[in-house]
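Student: how does the following fold in three dimensions:
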Amino acid sequence: MVRNGQDIWEDGSREHHGGAEPFLFSSESVGEGHPDKLCDQISDAVLDAHLKQDPHSKVACETVTKNGKILVCGEITSSSKVDYDTVVRNVLKHVGYDDIQKGIDCKSCEIELAIDEQNPEIANGVHKDKHEEDIGAGDQSTKYVFRALQGLMFGYASDETEECMPLTIMLAHKLNSRLAELRRNGTFPWAGPDTKSQYVFEHGATVPLRVHTVVISTQHTDDITLDLLREEVMNQVILEVIPKQYLDDQTIYYINPCGRFVVGGPMADAGLTGRKIIVDTYGGWGAHGGGAFSGKDPTKVDRSAAYAARWVAKSLVAAGLCRRCLVQLSYAIGIAEPLSISIFSYGTSDKSTKELLQIVKKNFDLRPGKIIKELKLQTPFYQKTCVYGHFGRPEFPWEVPKTLIL
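Tutor: The predicted structure follows:
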C-alpha cells in the first residue's frame, strides 16, 4: 500500500487500521552481550544453579559489571552448594566474552561476591498452619517465602502475531537473535556480542501497517569497514527478519548510525540487573508494574504474578474473547488472594469487562502458591527467559493458553 503526503491511504479505506488514524510506535531490544542484559543472565544463572539443587531456594540476586569486574550480590537462602565463580564465567563464555578486546574476558575477569542469607524479618508474619497454596505475599512456610511485600503486575496480549505479542517487540528481538546466530555460526566473524535494535512502526488501532524506521547497532572488530558491515547486516539480518509486506520505499534504515562500534560490553558501559524491564516484556505496549524479573525466584510475585498475568491475557486473546488484552494483578503481604484483578480489552471484545472478569475468576487461581505449581516455576529455566523477551516464546508454560470454561 502507498501513502500520500498526508498519511491518508490512497484507496480511501480505513479497514487497514480499524477506523483510527495511523500512529507511530517504537520498541527496542538488546542482545545477549549488552551490559545490562549480561547482568540479567548472570543473576538468572545463579538462580538456576540454586534451583537445580534446591527447588525451594529463596534467591534475590543482583549483578553489576564494569571494566573487567563483576559483582554478584544479594540475599540467598538455600541448601545448594553453588560455585559462583564457575557460574559467572560460563555465562560470559556462552555470551561470547572470551577476550578483553570484546569488552570483558571470561578467563581473567575479577569476580566479587556480596551475598547474605535472606533477612527473616522480611517474612515476620509466619503462618505455618496454612496450606501452601494459601501462602500469601510476604508469608513464610517450609516451602514458600514471598519476598515481595506488595506490588502490581501486568500481562498483555494482542492478536497481531501468532505469539499474541506486539509485532514491534517481536521483530526487535529477532534482529538481535539473528545477529547472535550469524556470529556464532561464523557467517559474521567480525561481529561482537553487544547489540541493540529498535523499530518505529506505523500502526493502526489493532494492526501494524508498515515499518517506518529500523535502527540496528552491532559491535564489531576493527578490521571491517562500515560499508561492508552495513551491507551484510541489511542483506542477512534486516531483510531476512522483517516480512516484506511491512517494508516499502519510504522505510528508513539506520545501521550503526554512530559509526564504528569496536569498544563494547562492560568496557564501554556499566551493566546492572533489572534495567531492561520494557525489553523483557512488551516493548512499551500494555503497562509495567515496575518490578524487574531477573535474579528473583518464583516466590517473588514481581516475577511469578507477571507471568501469570501474561498467561491470563494470552488465554483470553487466544480464545477469541478479545483482540487486545491488558491484565493487572495486585498483591499485599500475608494475603493469598490478589487484592485486585483488572481486565482491559480496549474495546475489542463483545463481552463486558464484568463478563471477562468472571471468566478469569472461573478459570484461574491466582494465589501465588498456586501460580508456582501450575506454571512449574521451580524449574531451572530462568537463564533462557532473560534474553529476547520473557514472553512470546512457546517453550515456557505461561505461553501455553489455557482452555477456558465459559
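Student: residues near residue 374, how many?
Tutor: 16 (other Cβ atoms under 10 Å). Where you see a C-beta, it was placed from the backbone N, CA and C, and this is true even at glycine.
Student: cool, residue 24 as well?
Tutor: Around residue 24 sit 11 other residues, with neighbours defined as other Cβ under 10 Å.
Student: repeat that for the one 4 residues further on.
Tutor: The burial metric for residue 28, expressed as a neighbour count using other Cβ under 10 Å, is 19.
Student: again, but for the one 3 residues further on
Tutor: Applying other Cβ under 10 Å, we find 29 other residues in the vicinity of residue 31.
Student: how about it: what's its closest non-neighbour residue?
Tutor: residue 195 (3.4 Å; Cβ to Cβ, 6 or more residues apart in numbering).
Student: how much space separates the one you found from residue 28?
Tutor: Computed as Cβ to Cβ, to the nearest Å, the residue 195 to residue 28 distance reads 11 Å.
Student: mind listing what's buried in stretch 84-91?
Tutor: By neighbour count on 16 or more other Cβ atoms under 10 Å, the buried set for stretch 84-91 is 84, 87, 88, 89, 90, 91.
Student: spit out the contact partners of the residue positioned nearest the centre of the chain.
Tutor: For the chain, residue 280 is the residue whose C-alpha lies nearest the centre (Cα atoms, centre = their mean; 1.9 Å). Counting by Cβ atoms under 8 Å, 6 or more residues apart in numbering, residue 280 touches 40, 292, 293, 294, 386, 389, 390.
Student: for the fifth one, which non-adjacent residue is spatially closest?
Tutor: When the adjacent residues along the chain are set aside, residue 386 lies closest to residue 40, with 4.3 Å between them (Cβ to Cβ, 6+ apart).
Student: so that neighbour is in contact with residue 272, correct?
Tutor: No. Counting by Cβ atoms under 8 Å, residue 272 is not a contact partner of residue 40; they are 9.1 Å apart.
Student: compare those two and say which is more crowded by neighbours.
Tutor: Neighbour tally, residue 40 and residue 272, criterion other Cβ under 10 Å: the higher count belongs to residue 40, 33 against 20.
Student: quick one: that one is in a strand?
Tutor: No. Read with DSSP: H, G, I helix; E, B strand; the rest coil, residue 40 is helix and lies in no strand.
Student: now do it, the pLDDT please.
Tutor: At residue 40, the pLDDT value in this model is 99.
Student: and it, what does it touch?
Tutor: Taking Cβ under 8 Å, 6+ apart as the test, what residue 40 contacts is 63, 273, 274, 276, 280, 294, 295, 386, 387.
Student: rebuild those residues as JSON lines, extending it with pLDDT and distance to residue 100.
Tutor: What follows is the contacts of residue 40, written out as JSON lines (pLDDT from 0 to 100; distance: Cβ to Cβ, whole Å):
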{"residue": "63", "pLDDT": "99", "distance to residue 100": "19"}
{"residue": "273", "pLDDT": "99", "distance to residue 100": "22"}
{"residue": "274", "pLDDT": "98", "distance to residue 100": "26"}
{"residue": "276", "pLDDT": "98", "distance to residue 100": "24"}
{"residue": "280", "pLDDT": "98", "distance to residue 100": "28"}
{"residue": "294", "pLDDT": "98", "distance to residue 100": "25"}
{"residue": "295", "pLDDT": "98", "distance to residue 100": "26"}
{"residue": "386", "pLDDT": "96", "distance to residue 100": "24"}
{"residue": "387", "pLDDT": "98", "distance to residue 100": "23"}
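Student: follow-up on the earlier one: go through the buried residues of stretch 84-91 and flag which are in helices.
Tutor: Residues of the buried residues of stretch 84-91 located in helices (DSSP state H): 84, 87, 88, 89, 90, 91.
Student: show the contacting residues for the first one.
Tutor: When the contact criterion is Cβ under 8 Å, 6+ apart, the partners of residue 84 are 46, 72, 111, 113, 115.
Student: and the second one, its phi and psi?
Tutor: Read that as residue 72. Main-chain dihedrals, residue 72, degrees, to the nearest 10: phi -110, psi 120.
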